[in-house]
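# Below are the sequence and a predicted model; questions follow.
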Amino acid sequence: MIVRRDVLKGVASGASLLLSSSAFAQTQAQPEQPAPFQQNMVLDLARSFVKSPFKPAPTDLPEGFGNLNYDQYVGLRYRREKLIWADDKVGFVIEPLHRGFIFNSHMVIQLVENGLSRRLAYNAADFEFGSVKPPQNSPDMGFSGFRVLVPREGKLAEVAIFQGASFFKAHAPGQAYGVQARGLSLKTADPRGEEFPQFKAVWIEKPTLASNALVVHALLDSDSVAGAYRFTIRPGEAVIIDTEFTLAPRASVENVGIASMSATSISSPLDRRRPDDVRPTIADVNGLQMNTGKDEWIWRPVTNRQTLQISSFVDDRPKGFGFLVRNRDPDAYEDDEQKWETRPSLWIEPLSEFGAGFVNLTEIPAESDTNSNCIAYWRPKGGLAAGVETSWA
C-alpha cells in the first residue's frame, strides 16, 4: 500500500455542515432528506468541533453485542444484495460493517451523489447475524466502519477497510491484510497513556466507472485535535491512497504522529523470541525503510524487543519512509495459514515539505501475533500548537 499526503484545499465557500448530536444517538433508523455537500464543509465541521470539549462517539450497544468473540463477530455480514452500489457498475462497492467485538464506536456513514449527501441508516434486516441473535426492535446501532470492494474476475475483492479509531488498511491482488495506517497518532508510548483519535463520520462519493478512484471524506476528532481528511483510493497492482488533511488542535500536543503506521513483529531470525514456535519468522514486515531529505537510504530492521524501545531518526524534508516486506519467500515463514509473505508494504511519499522533525519508531514487547507492536510515524519538530491549523502532504 502506498499512502501519499496532499495539502487539503477548501472549495468555494458555502453553507456550513452541522453534524447534529442526534446523528450519533442510537435512535430508530429514519430516512433523511439529502443535503448539499462540499469538501470544505468537513473542515468547517472540524473547526466547530474544537470550540467545544471532545465528545466520544457512542460505544454503548444492545445486550450481547459488546462481548462478542471474534468468530461471532465475523458472522455479522451485510447482505450481498444490500451492498452499496453493487448493481450500479461504478467500479466500487461499499460494505458497511456492524458494531461489536472490539469495534464498538459508532461511525456515521454519508453517501454523496450529485453533490448531495444522505446518511446511511442502520437496518438490522440488511445484515446476516450468523450465530448471534439479531437485535430486538431494530435499534439504530449504526456502523463501525466500512470495506471497499472492487469487481475482479467475476467476484468482489477487498481493497481497503476503514474501521476502529482512525485505522485503515489496504492490500493489492494476491496479498493479505497486514500493516495498517492511522489517520493520526497522538502520545504514542506516553506513560500517561496514548490518545486514539476517531473517524467519527465519513462522506463517500459515488464514483464513476471511468474514474477508477473512490473519494472518501472523513471527520477526525479526539481530546486534543480535530481534523478533516480526504482519501482518494486508486486500486491496481499497488493500492495508492492519496490523502489530504488539515488538523485543528484543541490543545498543544508535542508527541504527534503524522503518516502513522503499525505492524506486527513477534519473531524473526534477529530475535527468536518464540523458541517453542517452529515458524522462523512471525511478522507483518521486516523493517523500516527511510529516504532522507538528503536522498540517503536507511534500513532499520524491526524486532520484538525485550523492553520498550523508541528510536528517532532526525531529518529535514524527508522524501519517504515506510514499513517494508523484503523477504517474500514462503520458506522464511513456514505458515500456510497466515501467509506472512503475502503481507503488503506501506510506503509514505510526501508531496509537500514535512519540514524538520524525525521518523519515530516504537517497538513494544509482545507475545501474540494479534498485537501491532511496531509503530512508525513522522513527528514534526515542535508538535502541534493549540489553535494553529496545519495541513500536511
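Nice, I can see it.
# Low-confidence bits of the stretch 201-350 of the chain, can you list those?
273 (pLDDT under 70).
# Show me where it has its strands.
Assigned by DSSP state E, counting those that start in this stretch, the stretch 201-350 of the chain shows strands spanning 214-221, 225-234, 240-249, 256-263, 265-267, 282-283, 287-291, 297-301, 309-316, 320-324, 346-350.
# In TSV, list those along with distance to Asp335.
C-beta coordinates here come from the backbone N, C-alpha and C atoms, glycine included. Formatted as TSV, the strands of the stretch 201-350 of the chain follow (distance: least, Cβ to Cβ, whole Å):
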stretch	distance to Asp335
strand 214-221	32
strand 225-234	29
strand 240-249	27
strand 256-263	16
strand 265-267	11
strand 282-283	7
strand 287-291	19
strand 297-301	19
strand 309-316	26
strand 320-324	19
strand 346-350	21
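# okay, those strands in a markdown table with distance to Thr370 and mean neighbour count next?
Compiled in a markdown table, these are given as follows (distance: least, Cβ to Cβ, whole Å; neighbours: other Cβ atoms under 10 Å):
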| stretch | distance to Thr370 | mean neighbour count |
| --- | --- | --- |
| strand 214-221 | 25 | 24 |
| strand 225-234 | 26 | 23 |
| strand 240-249 | 24 | 22 |
| strand 256-263 | 12 | 25 |
| strand 265-267 | 10 | 23 |
| strand 282-283 | 11 | 26 |
| strand 287-291 | 21 | 21 |
| strand 297-301 | 22 | 13 |
| strand 309-316 | 21 | 15 |
| strand 320-324 | 17 | 23 |
| strand 346-350 | 19 | 23 |
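# Tell me which of those sits nearest to Asn40.
Among the strands of the stretch 201-350 of the chain, strand 225-234 comes nearest to Asn40, with 8.4 Å by Cβ to Cβ.
# would you put the C-alpha positions of the closest one in CSV?
Provided in CSV are the C-alpha atoms of strand 225-234 (Å, rounded to 0.1, in the frame of the first residue of the first chain):
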residue,chain,number,x,y,z
VAL,A,225,-7.3,17.5,17.9
ALA,A,226,-10.0,17.6,15.2
GLY,A,227,-9.3,17.2,11.5
ALA,A,228,-10.7,17.0,8.0
TYR,A,229,-9.4,14.3,5.7
ARG,A,230,-9.9,13.4,2.0
PHE,A,231,-8.8,10.0,0.8
THR,A,232,-8.7,9.1,-2.9
ILE,A,233,-8.3,5.3,-3.2
ARG,A,234,-6.8,4.0,-6.5
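# distance between that strand and the chain's centre?
Centroid separation for strand 225-234 versus its chain: 10 Å, with Cα atoms, centre = their mean, to the nearest Å.
# Relative to that strand, what are the paired strands and their orientations?
strand 214-221 (antiparallel), strand 240-249 (antiparallel) (DSSP bridges).
# returning to what we had before: nearest approach to Ala181 belongs to which of the strands of the stretch 201-350 of the chain?
Of the strands of the stretch 201-350 of the chain, the one closest to Ala181 (Cβ to Cβ) turns out to be strand 256-263, at 5.2 Å.
# and that closest one, what does it pack onto?
strand 2-7, strand 180-182, strand 185-186, strand 320-324, strand 346-350, strand 374-380 (3 or more Cβ pairs under 8 Å, 6 or more residues apart in numbering; DSSP states H and E).
# Please name the residues that touch the residue nearest to Thr370 when sequence neighbours are not counted.
Leaving out its chain neighbours, the residue that sits closest to Thr370 by Cβ to Cβ, 6 or more residues apart in numbering is Thr264, at 7.8 Å. Neighbour list for Thr264: Gly178, Ile282, Ala283, Asp284, Ala366, Asp369, Thr370, Asn371, Ser372, Asn373, Cys374 [criterion: Cβ atoms under 8 Å, 6 or more residues apart in numbering].
# separation between Thr264 and Ala181?
Separation of Thr264 from Ala181 (Cβ to Cβ, to the nearest Å): 14 Å.
# Give me the mean pLDDT for the longest helix seen in the chain.
Criterion DSSP state H: the longest helix present in the chain is helix 40-49. What helix 40-49 shows for mean pLDDT is 97.
# what's the following helix or strand after that helix?
helix 70-74 (DSSP states H and E).
# Please tell me how far that next one is from the chain's geometric centre.
20 Å.
# Offset the numbering so it begins at 808, please.
Sounds good: first residue 808 from here, last item helix 877-881.
# Now Thr1099. Nearest residue, chain neighbours left out?
Asp1122 (5.1 Å).
# ok, that neighbour - contacts?
Neighbour list for Asp1122: Met1097, Thr1099, Gly1100, Ala1163, Gly1164, Phe1165, Val1166 [criterion: Cβ under 8 Å, 6+ apart].
# so which two of those residues are the farthest from each other?
Among the contacts of Asp1122, Met1097 and Ala1163 lie farthest apart (Cβ to Cβ), at 15.0 Å.
# ok, Arg1079 to Thr866 distance?
Using Cβ to Cβ, one gets 39 Å for the distance from Arg1079 to Thr866.
# related to what we said a few turns ago, how about the strands of the stretch 1008-1157 of the chain, which one is nearest Gln1145?
Of all those, strand 1089-1090 sits nearest to Gln1145, with 7.9 Å by Cβ to Cβ.
# buried ones in stretch 885-892?
Across stretch 885-892, burial judged by 16 or more other Cβ atoms under 10 Å covers Tyr885, Leu890, Ile891, Trp892.
# who's the first one bridged to?
Beta bridges link Tyr885 to Phe934 when assigned by DSSP bridges.
# about what we covered before: would you mind giving the strands paired with strand 1032-1041 as a markdown table with distance to Gln879 added?
Supplementary listing: the strands paired with strand 1032-1041 in a markdown table, determined by distance: least, Cβ to Cβ, whole Å:
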| stretch | distance to Gln879 |
| --- | --- |
| strand 1021-1028 | 28 |
| strand 1047-1056 | 31 |
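# quick one: which of the ones you listed is nearest Met848?
Nearest to Met848, of the strands paired with strand 1032-1041 and by Cβ to Cβ, is strand 1021-1028 at 8.6 Å.
# quick one: the strands in the stretch 858-1007 of the chain?
Going by DSSP E, counting those that start in this stretch, the stretch 858-1007 of the chain shows strands at 884-885, 900-905, 915-920, 923-926, 934-935, 950-959, 962-970, 974-977, 987-989, 992-993, 1005-1012.
# Lovely, talk soon.
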